[in-house]
Structure formats: structure tokens, C-alpha cells
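A.B. asks: here is a sequence together with a model predicted from it:
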Amino acid sequence: MGGFVRHDDARHPAVKFVEQLRKEYPGTVYARVFENRRYGDAYDAIRERLDSDHNGNLSDGEKQPARIMLFGTSWGASTVVYLARRLNEDGIPVLLTVQIDSVAKIGKDDSVIPPNVHQAVNYYQRKGWVRGRQKIVAQDPSRTKILGNYLLSYDKDPVTCENFPWYDNIMKTHVESECDPKVWLDIDALVRRELPQIEAQPAGSHSTHDDSSASADVVLPKTRH
């Protein structure tokens, strides 16, 4: 989660999405939400999940099968990049990072995606006093595919964030990017194409990106400022 939003605040789309994944993939997908300031806990959770022999150390055989996807908004989005870099230092691969209106913390950079990330995508808006990262690039383009840097606009089609506190209107377009149903349909499709097939898929799920199929056992999302 971004800003000071709690990891269990069910008003937020990321919390709802993770809960849906848990219901649809019980015992198959490991999905959790963390406050952005607790990204160290997310890192520990990933290592614990991969440590199949529980000896406190990760072998290459434990690292390489990892199928990790990270996503978030604002401070949570930039934290996704910081977490991916820390995993890169350990030699742990990441399937996908998703940044929604990413806002870097002071003294940090959220624009360069580390080479352990297979694919990355960035959504941003440029209105209001909180504006997201316009462009992400791959540290090593031969290893990381940038799926796109997509500009979001709500001038003609505003988005309503139901039950959000009144003070979020101060960051109206920034908050709209978090609640944008089109963005979440895209995230849904990007995530699900890496998961085992199930009988029923949510109606309306789609993506503008090329498709592929694989299995996954770790999904660790983050969201907004």
C-alpha cells in the first residue's frame, strides 16, 4: 500500500484483487499486501516462501523457479522497483512489475528496472500536484521488456473511488489512477496469463499485450500513495 494506507483497507482495488486471487487459486497462489514502508517484510516473505528446505539460505535451485509478480501505485509503485532491485542482488528473478502513477521517495529512483525483471509496465497521469513517473526504462534491455509507458487521462471520463475519504480529492487525478477499472482489467490479464488455468475467468478480462502461459506460485502486490 502507498502513503499511510493499511494493508487490509478493503476500499482499495489492490486489496480486493488479492483477495479474489486467494479465493480463485487456494493453495496455488501466495498473495499478500504490504504497506510500502514494510517492503522489508515483503522481501523476507518472498525469501521464506522460496526456502523450500527451510535452512535460511537460498540455493540456485530454489531461486530460479520463482514466479514473482509485484504491483502497486504511487509510493507502493516505486517500492516495487526498490524491492525488485533487492531481489536482483540475491539473484532472484521477477516475472512482472507494474507501476501505477509511481512516485519516488526522496533520494531514490523508480525509473530504471533491474535486469532480474522479465517484463515491466508503467501507467501514469500528469494532472494535479501529485504526478506519476512518465517513463521507465530497462537497465538491460536484452533481459527486461518494457511493455509500455501508458498515459492516463480523466478529463472526459472521470473515475469515482467509492468510499474513499474526502481528503483524497486533494490528489484527485492521482487517486483516480488507482481506481481506474481499465487499468485493473489490464493488470488482471497480465497476472492471470502467468497463473494456472482455471475453469472460470472473470468476465471482461483483457489486455493489449501479447499473451503467454505459465504457472506461478508467488504474487506480492503493493499499492498507492
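C.D. replies: Done, it's in. Numbers count the residues shown, from 1 in each chain.
A.B. asks: from here on, just use CA atoms for contacts and neighbour counts.
C.D. replies: Will do.
A.B. asks: and the helices in the chain?
C.D. replies: 13-24, 39-50, 60-63, 75-89, 172-179, 181-192 (DSSP state H).
A.B. asks: now for those helices, which one comes closest to Pro141?
C.D. replies: Nearest to Pro141, of all these, is helix 75-89, at 15.2 Å by C-alpha to C-alpha.
A.B. asks: by contact count, what packs against the closest one?
C.D. replies: For helix 75-89, the elements it packs on are helix 39-50, strand 68-73, strand 94-100, strand 112-113, judged by 3 or more C-alpha pairs under 8 Å, 6 or more residues apart in numbering; DSSP states H and E.
A.B. asks: looking at the ones you listed, which is buried most?
C.D. replies: Greatest average neighbour count among the helices and strands packed on helix 75-89 goes to strand 68-73 (a mean of 28), per mean count of other C-alpha atoms under 10 Å.
A.B. asks: about what we covered before: kindly report which one of the helices of the chain carries the lowest mean pLDDT.
C.D. replies: Of all the helices of the chain, the minimum mean pLDDT falls on helix 172-179 (a mean of 76).
A.B. asks: in the sheet, who's paired with the residue most central in space within the chain?
C.D. replies: Most central in the chain under C-alpha atoms, centre = their mean is Phe71, positioned 0.4 Å from the mean C-alpha point. With DSSP bridges as the criterion, Phe71 is bridged to Val98, Pro221.
A.B. asks: hmm, it is touching Val94, no?
C.D. replies: No - if you go by C-alpha atoms under 8 Å, Phe71 and Val94 don't touch, sitting 11.3 Å apart.
A.B. asks: gap between Leu95 and Ser59?
C.D. replies: Computed as C-alpha to C-alpha, to the nearest Å, the Leu95 to Ser59 distance reads 19 Å.
A.B. asks: same check on Val80?
C.D. replies: Distance of Val80 to Ser59, given as C-alpha to C-alpha: 24 Å.
A.B. asks: Glu62 - nearest residue in space that isn't next to it in sequence?
C.D. replies: Excluding its sequence neighbours, the residue lying closest to Glu62 (C-alpha to C-alpha, 6 or more residues apart in numbering) is Leu50, at 5.9 Å.
A.B. asks: and that neighbour, how close does it get to Lys135?
C.D. replies: Distance, Leu50 to Lys135, using C-alpha to C-alpha: 31 Å.
A.B. asks: can I get the helices of the chain in a markdown table including distance to Asp140?
C.D. replies: Converted to a markdown table, those look like this (distance: least, C-alpha to C-alpha, whole Å):
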| stretch | distance to Asp140 |
| --- | --- |
| helix 13-24 | 29 |
| helix 39-50 | 23 |
| helix 60-63 | 20 |
| helix 75-89 | 12 |
| helix 172-179 | 28 |
| helix 181-192 | 21 |
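A.B. asks: for Thr144, which of the ones you listed is the nearest?
C.D. replies: helix 75-89 (12.2 Å).
A.B. asks: between that closest one and strand 68-73, how many degrees?
C.D. replies: 150 degrees (axes from the mean of the first three to the mean of the last three C-alpha atoms, to 10 degrees).
A.B. asks: how far is helix 75-89 from where the chain is centred?
C.D. replies: Centre-to-centre, helix 75-89 and its host chain are 10 Å apart (C-alpha atoms, centre = their mean, to the nearest Å).
A.B. asks: any buried residues in that helix, and which?
C.D. replies: When burial is assessed from 16 or more other C-alpha atoms under 10 Å, helix 75-89 yields the following buried residues: 75-82, 84-88.
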